[in-house]
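**Q** pasting the sequence and the predicted coordinates here, then a few questions.
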Amino acid sequence: MLQNSEVEKILLQSKQKRKNQIKLLLLGAGESGKSTVLKQLRLLHKGAFTEQERIQYKNIIWADTVGSMQTIIIQARKLGIPLDCDRPTSELFVLKQKVLGYKPLEGVDTSAAGGVSFLKDFVLKYSENSAHRRRMKSTGMANSGWEDGQEEYEEEASGSVGTPSTPGTTSTANTSGNNAAADDLDDSLLKDYLKEVNGTHRRKRYTKEEVAEAIEELWEKDSGIKRCFGKSNLFQIEGSAPYFFERANDYASDDYRCSDEDILKGRIKTTGITETNFNINGMKFKILDAGGQRSERKKWMHCFQDITCTCFVMAVSEYDQVLFEDERVNRMHEAIMLFESLCNSRWFADTPFILFLNKIDLLKDKVRRSPLRKYFPDYDGKSNDVEGVLQYFEKLFLSLNHTGKVIYVHRTCATDRKSMEFVLTAVTDMIISENLKSSGLF
Ligand SMILES: Nc1nc2c(ncn2[C@@H]2O[C@H](COP(=O)(O)OP(=O)(O)OP(=O)(O)O)[C@@H](O)[C@H]2O)c(=O)[nH]1
Ligand SMILES: [Mg+2]
C-alpha cells in the first residue's frame, strides 16, 4: 500500500514530466506551409541548415525551375495565352526551344536530391500520365480524409521503413516515402516517364547554363509567360516559381549552395510524420510535422495521443486554387472541412489550438486580380481589401469551432524570417505558459 507522500511524489513526477515535455503537432492540407514553419523553428533554435541540405535543395530547385517553366509554356498553349517566344521571328523563339528541349532531370544529382522519393515526387508533379490518373480518381468532393484512415495505414505500414523527407529529422509512425507515393504512382509510371523525358530520339543538347540563361530571359522579357503565371490558379505549379526563375543561373552552377531563403522557398512534400526535437527556454519540444496531402492523412491518427498543442496551418492565398490531388476541389473548401473535423474532434477536446493564416504575402498579390467573391459569394467586402479578406477567413474558421475552446490566430508569411521569429517566439511562450498551467505547477 502506497503512503500518501509516495502517491504525491508519483503525481508530482508525472506532472514534472508533462511540464518538461511539450508535443506540438503541425497539421493542415498539403502545401499549406507546415514544413516551412518547422524550418523556421530549426533556424531559430538549432542554427543553420546543413551543407547536405544546401546541396539537396539546389538539385531539387533546379529540377523545379525547369519543370515550372516548361509547365507555363505548355499551359499557355492550352489556355490560349499568346507568348512572344511562340513567334519564330522573335529573338525569344530559340529560348523556348532550349527550355522545352531540355530534359528536366538532366544535371540533377538524383541521389543528393533525395533518391527514389525525389524521383517519384517529381514524376507525380510533372508527368501528364500521373495527372491523368489523378483525374480518373477525382471525386470532386472536399474531404477531411483522416478519420477513417487507421486500418488502411496499418496495412500499408507493415514492414515499411521510415524515410524522413528532410535531413535532420526522424520519421515516426513507421511511415515510408515510397509507400506513400505508391498510392498514386507505380514503378511502371516512373519508368514510362523516365523514357518520355530521356527519350532516345536525337535532339540538340543544351548546357545547363544555356537553359538557365533562357529561363531567366523568358521570365524577364516574355510578357505572356508572366500573364500565364498570373493564371496559375488554373493549373499546378510551384508557388515559388517566380523566385526560382529569377535565380535560375545560381541553381545551374555546380559551385552554388542554397541560401536559407532558397531552402525556405523550396519544397519537399512531407511523407508520413517527421519528428524534430528542440530545447526552447529550457523546455523539451517535440514537433511533429505531418504530410498534408490526402494519402498522407490516413497516418495522422497515430500521433494524436498526448499532444500539448495543435497548430493548424492554412494557406489563405489559396481560395482560388484547386487541390493537387483532385483538381475539382477548391483548396480552401478542403482546408475548411479539415479544420472543422480536427478542431471538434474528441482527440483534441482539451488541446489548445493555434491557427496560422499563412501565405499572407501571396494573398496581397492576389486579391486584386482574383476577386474573393467569385469563390466565396457571401464575402461582401471590397476585392482589394487584404485586411477585409483576412478578417473574413478568420471569422469563418473561428465559427467552425463548436467546442468553446480558445483558438489563437496568427497571420503569417512562413518564408519570412523576421516576422516568423516574432510569431514563433510568441507561440512557444504561450505554449509553455499554458503547459505550466495545465500541469498544475503554475
Ligand atoms: N510565398 C510564400 N510561400 C510559402 C509560405 N509558406 C510556405 N510557402 C511555400 O509553399 C510551399 C509548400 O510549403 P511546405 O511547407 O512544404 O508545405 P506543407 O504544408 O509542409 O506541405 P505537405 O508536406 O505536402 O503537407 C513551399 O515552396 C514553401 O516555400 C508563405 O507564407 N509565403
Ligand atoms: Mg510538409
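**A** Great, that's in hand. Ligands and ions are numbered 1, 2, ... in the order given.
**Q** can we go C-alpha only for contacts and neighbour counts from here?
**A** Noted.
**Q** enumerate the residues of the stretch 251-400 of the chain near ligand 1.
**A** When proximity is defined by C-alpha under 6 Å from any ligand atom, the stretch 251-400 of the chain lies next to ligand 1 at 264-270, 291-293, 358-359, 361-362.
**Q** what's near enough to touch the closest residue to residue 413 other than its chain neighbours?
**A** Nearest residue to residue 413, sequence neighbours excluded (C-alpha to C-alpha, 6 or more residues apart in numbering): residue 359, at 4.9 Å. Neighbour list for residue 359: 33, 315, 316, 317, 412, 413, 414 [criterion: C-alpha atoms under 8 Å, 6 or more residues apart in numbering].
**Q** out of those residues, which is nearest to ligand 2?
**A** residue 33 (6.7 Å; C-alpha to the ion).
**Q** quick one: the strands in this protein?
**A** With strands called from DSSP state E, the chain shows them at 21-27, 170-172, 273-280, 283-290, 309-315, 353-358, 407-411.
**Q** give me whichever of those is most buried.
**A** Counting by mean count of other C-alpha atoms under 10 Å, strand 309-315 has the highest mean neighbour count of the strands of the chain, with a mean of 25.
**Q** give me the contact list for that strand.
**A** Contacts of strand 309-315 (C-alpha under 8 Å, 6+ apart): 22-29, 31-34, 332, 335, 339, 351-360, 431.
**Q** also stretch 76-85?
**A** Under C-alpha under 8 Å, 6+ apart, the answer for stretch 76-85 is 90-96, 218, 222-225, 227-228.
**Q** could you dump these to a markdown table with distance to ligand 1 and pLDDT?
**A** Putting these into a markdown table (distance: C-alpha to the nearest ligand atom, whole Å; pLDDT from 0 to 100) gives the following:
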| residue | distance to ligand 1 | pLDDT |
| --- | --- | --- |
| 90 | 32 | 96 |
| 91 | 32 | 96 |
| 92 | 28 | 97 |
| 93 | 29 | 96 |
| 94 | 29 | 96 |
| 95 | 26 | 97 |
| 96 | 25 | 96 |
| 218 | 21 | 98 |
| 222 | 22 | 98 |
| 223 | 21 | 97 |
| 224 | 22 | 98 |
| 225 | 19 | 98 |
| 227 | 18 | 97 |
| 228 | 18 | 98 |
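**Q** what subset of the residues you listed is buried?
**A** For the contacts of stretch 76-85, a burial check counting by 16 or more other C-alpha atoms under 10 Å picks out 92, 93, 94, 95, 96, 218, 222, 224, 225, 228.
**Q** tally of neighbours for residue 46?
**A** 14 (other C-alpha atoms under 10 Å).
**Q** likewise residue 79?
**A** Residue 79: 11 surrounding residues under other C-alpha under 10 Å.
**Q** repeat that for residue 123.
**A** Residue 123: 21 neighbours (other C-alpha under 10 Å).
**Q** again, but for the one 3 residues further on
**A** Residues within reach of residue 126, counting by other C-alpha under 10 Å, total 19.
**Q** measure it to residue 26 for me?
**A** Taking C-alpha to C-alpha, to the nearest Å as the measure, residue 126 falls 27 Å from residue 26.
**Q** show me what contacts the nearest residue to residue 335 once chain neighbours are set aside?
**A** Distance criterion C-alpha to C-alpha, 6+ apart; nearest residue to residue 335, sequence neighbours excluded, is residue 29 at 6.0 Å. Residue 29 makes contacts with 292, 293, 294, 313, 314, 334, 335, 338, as judged by C-alpha under 8 Å, 6+ apart.
**Q** closest one to residue 204 out of the buried ones among the contacts of stretch 76-85, please.
**A** residue 94 (11.8 Å; C-alpha to C-alpha).
**Q** please name the residues that touch that closest one.
**A** Counting by C-alpha under 8 Å, 6+ apart, residue 94 has contacts residue 85.
**Q** for residue 284, same thing?
**A** 20, 21, 22, 277, 278.
**Q** in the sheet, who's paired with the second one?
**A** When bridges are called by DSSP bridges, residue 21 pairs up with residue 284.
**Q** hang on, isn't residue 214 packed against residue 95?
**A** Yes. Between residue 214 and residue 95 there is a contact under C-alpha atoms under 8 Å: 5.0 Å.
**Q** now the longest helix anywhere in the chain: average pLDDT?
**A** For the chain, the helix that runs over the most residues, judged by DSSP state H, is helix 51-79. Average pLDDT, helix 51-79: 97.
**Q** for this protein, which spans come out with low pLDDT?
**A** Residue ranges of the chain with pLDDT under 70: 1-3, 7, 10-19, 149-203, 440-442.
**Q** next to ligand 2, which bits of it? Give me the list.
**A** 35, 270 (C-alpha under 5 Å from the ion).
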